[in-house]
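Chemist: The following comprises the amino acid sequence and a computationally predicted model.
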Amino acid sequence: MLRKHINRRRFLAATAKAAAITIVPRQVLGGVGHTAPSEKLNIAGIGVGGMGGSNLRQLENENIVALCDVDHEYAAKTFKRYPKAKIYTDYRKMLDRQKDIDAVVIATPDHTHAVISMEAMRRKKHVYCQKPLTHDVYESRMLAKAARENSVTTQMGIQGHSGEGIRLISEWISDGAIGEVRQVDAWCSLSYYPFGHAGWSSKWSRRPKDTPPVPSTMDWDLWLGPAPERPYHPAYHPAVWRCWWDFGCGMMGDRGAHTLDPVVSALKLGHPKSIEATSLDLNPDTHPLASIVTYRFGARGDLPPVKLTWYEGVRPPRPKELEDGRRMGHSEGGALFKGSKGKIVAGVYGEDPRLIPESKMKAYKMPEKSIPRVEGSHEQDWVRACKAGRQAGADFEYSGLLTELCLLGNVAKRVDARIEWDADNMKVTNLPEANKYIRTRYRKGWTL
């Protein structure tokens, strides 16, 4: 089971060790999965045509020894960048054949994150997996469990977790800057309409009926992985897969994983008691055009209950404290913490937090920095943790819970109702039909 609560002590401990690395030889550390800080990791990339290529560029001080992608044309630029790396199509064959791999970076579509991560961890490989960690709640629980049992170092790709903003928000709230926090609004104003966003475009509004040929450079069966079988179509790959229920986790998995991160950390949130959703254009194939999802959390120690409202495709009401002409959060989203003595607004990744109005920010005497900072990139935080034999800041224990919150929002969307959540038994108690979305069925030949 995941831990029921993510507390400040754990957040501090996870980041504090980042600065405490001692150079020792590999033979002293010993054992599979323990690499000395003075040595380089042998890293493999799985899914390297898009974000995976960006992750690898942050890891070029290590050894990039293998690259795997089901679409060799889409991944061609990354293949060319690392000419010494061995090239594969099937991650299973790569892990079978190349024994020198210490760690893997996974940036495939959401629906294959869990099966690939699990296979790597069983082989004692450290894992960096892009957000959201998994495609369903059950997978998130199982990956957290596997990471513990296999003693590997893990990290989910939410770069804001290694940033300054998330730490400032936690320190300010702990300092009492805005008093007791009982409500938070978080949002992403983007929408998958037409399907795709941020420069993507698509002409398909529902599952396409035509069946164009599979590109000669692509293994469509491997791309599908555990998802239900369907013919290839460019409506799914590349990029626009995130819009489809069978493959992606929608805007909640895309941006929610980033924006809810500082909320979970600062307020020490655990599992919600209930989740309620209402959506625009709800259908069985694609994520809705817009949704509002409301989470309710119980008290945590001396912290009060919290109502967290997630808006996607729309924005929450603008707070009266925010001066005219000032932007609320980032242009694409952000979070608004509502305290008994004031409010904090921040961007998508928790960046640029400010007390509002600005007069309060200027008058506020900020506390000393109590949470250790991460030097360099989020990927480098993972590398240092691998070499030190510890967990990274956004390890699968923490990011599994964060991902679970996002995925429960998607469950509430699909049933278009309020669901009551029994976290210990991983079950929706008031609407049994919702439980089919907690653990989805894999197609024949695939297991976790």
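Modeler: Thanks, I have the structure now.
Chemist: for stretch 369-387, the distance to its chain's centre please.
Modeler: With Cα atoms, centre = their mean, to the nearest Å as the basis, stretch 369-387 stands 17 Å off its chain's centre.
Chemist: pLDDT of that stretch, averaged?
Modeler: Mean pLDDT, stretch 369-387: 97.
Chemist: From start to finish, how long is it in a straight line?
Modeler: For stretch 369-387, the separation between the terminal residues is 26 Å (Cα to Cα, to the nearest Å).
Chemist: Buried residues in that stretch, which are they?
Modeler: 371-372, 374, 378-387 (16 or more other Cβ atoms under 10 Å). No exception for glycine: its C-beta is placed from N, CA and C like everyone else's.
Chemist: Repeat that for stretch 212-223.
Modeler: By 16+ other Cβ under 10 Å, the buried positions in stretch 212-223 come out as V214, M218, W220, L222, W223.
Chemist: Out of those residues, which two sit at the greatest distance?
Modeler: Farthest pair in those (Cβ to Cβ) is V214 and L222. Separation: 11.1 Å.
Chemist: quick one: low-confidence ranges for the stretch 51-200 of the chain?
Modeler: Applying pLDDT under 70 to the stretch 51-200 of the chain picks out residues 193-200.
Chemist: can you give me the strands for it?
Modeler: Using DSSP state E, counting those that start in this stretch, the strands of the stretch 51-200 of the chain run over residues 63-68, 86-88, 103-106, 126-130, 154-157, 181-188.
Chemist: before we move on, the earlier item: mind putting the buried residues of stretch 212-223 into a markdown table with secondary structure?
Modeler: Formatted as a markdown table, the buried residues of stretch 212-223 follow (DSSP: H, G, I helix; E, B strand; the rest coil):
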| residue | secondary structure |
| --- | --- |
| V214 | coil |
| M218 | strand |
| W220 | helix |
| L222 | helix |
| W223 | helix |
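Chemist: want to throw these into CSV with pLDDT?
Modeler: Converted to CSV, those look like this (pLDDT from 0 to 100):
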residue, pLDDT
V214, 97
M218, 97
W220, 98
L222, 98
W223, 98
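Chemist: so which of those residues comes closest to T153?
Modeler: Taking Cβ to Cβ as the measure, L222 is the one of these closest to T153, at 26.7 Å.
Chemist: Contact partners for I169?
Modeler: Shown in contact with I169 (Cβ atoms under 8 Å, 6 or more residues apart in numbering): P262, S265, A266, F337, I344, A346, G350, P353.
Chemist: switch to 7 Å and redo it
Modeler: Residues near I169 by Cβ atoms under 7 Å, 6 or more residues apart in numbering: P262, A266, I344, A346, G350, P353.
Chemist: Of the residues you listed, which belong to strands?
Modeler: Using DSSP state E, the subset of these located in strands is I344, A346.
Chemist: Now do the SS call for G248.
Modeler: coil.
Chemist: contacting residues around it?
Modeler: Each residue near G248 by Cβ under 7 Å, 6+ apart is listed here: P109, D110, W241, R242.
Chemist: closest to E149 among the buried residues of stretch 212-223?
Modeler: Relative to E149, the closest of those is L222; by Cβ to Cβ it sits at 26.8 Å.
Chemist: which non-adjacent residue is nearest the closest one?
Modeler: V70 (4.5 Å; Cβ to Cβ, 6 or more residues apart in numbering).
Chemist: could you check the distance from that neighbour over to T108?
Modeler: According to Cβ to Cβ, to the nearest Å, V70 and T108 sit 8 Å apart.
Chemist: Tell me both backbone torsions, phi and psi, for S279.
Modeler: Backbone torsions of S279, given as degrees, to the nearest 10, read phi -140, psi 160.
Chemist: 50 is where my numbering starts, stick with that
Modeler: Noted, 50 is the first residue going forward, which turns the last one into S328.
Chemist: What is the burial count for it?
Modeler: 19 (other Cβ atoms under 10 Å).
Chemist: ok, now which ones touch it?
Modeler: P337, A339, S340, K462, D465.
Chemist: repeat for L480
Modeler: Listed by Cβ under 7 Å, 6+ apart, the contact set of L480 reads V464, A466, I468.
Chemist: Between those residues, identify the one with the most neighbours.
Modeler: Going by other Cβ under 10 Å, I468 tops these with 23 neighbours.
Chemist: ok, it touching N479?
Modeler: Yes: here I468 reaches N479: they are 6.5 Å apart, a contact under Cβ atoms under 7 Å.
Chemist: tell me what the longest helix belonging to the chain is packed against?
Modeler: For the chain, the helix that runs over the most residues, judged by DSSP state H, is helix 445-464. Applying 3 or more Cβ pairs under 7 Å, 6 or more residues apart in numbering; DSSP states H and E, one finds that helix 445-464 contacts helix 186-199, strand 203-206, helix 306-308, strand 323-329, strand 339-346, strand 467-471.
Chemist: do that again at 6 Å, thanks
Modeler: In terms of contacts (3 or more Cβ pairs under 6 Å, 6 or more residues apart in numbering; DSSP states H and E), helix 445-464 is packed against helix 186-199, strand 323-329.
Chemist: That one to strand 175-179, inter-axis angle?
Modeler: 30 degrees (axes from the mean of the first three to the mean of the last three Cα atoms, to 10 degrees).
Chemist: So what touches helix 445-464?
Modeler: 51, 55, 181-183, 186, 189, 192-193, 196, 203, 205, 301-302, 305-306, 313, 324, 326, 328, 340, 342, 468, 480, 483, 486 (Cβ atoms under 6 Å, 6 or more residues apart in numbering).
Chemist: same thing with stretch 197-207?
Modeler: Applying Cβ under 6 Å, 6+ apart, the external contacts of stretch 197-207 come out as 82, 170, 173, 175-180, 182, 196, 306-307, 310, 431, 434-435, 441, 443-445, 448.
Chemist: Could I get the buried residue list for it?
Modeler: R197, N199, V201, T202, T203, Q204, M205, G206, I207.
Chemist: That stretch: end-to-end distance?
Modeler: With Cα to Cα as the measure, the ends of stretch 197-207 fall 20 Å from one another.
Chemist: Just give me how far that stretch sits from the chain centre.
Modeler: 13 Å.
Chemist: and if you look at stretch 430-449?
Modeler: 14 Å.
Chemist: circling back to that earlier point, ok, the contacts of L480 vs Y491, which is closest?
Modeler: Closest to Y491, out of all of these and judged by Cβ to Cβ, is V464, at 21.5 Å.
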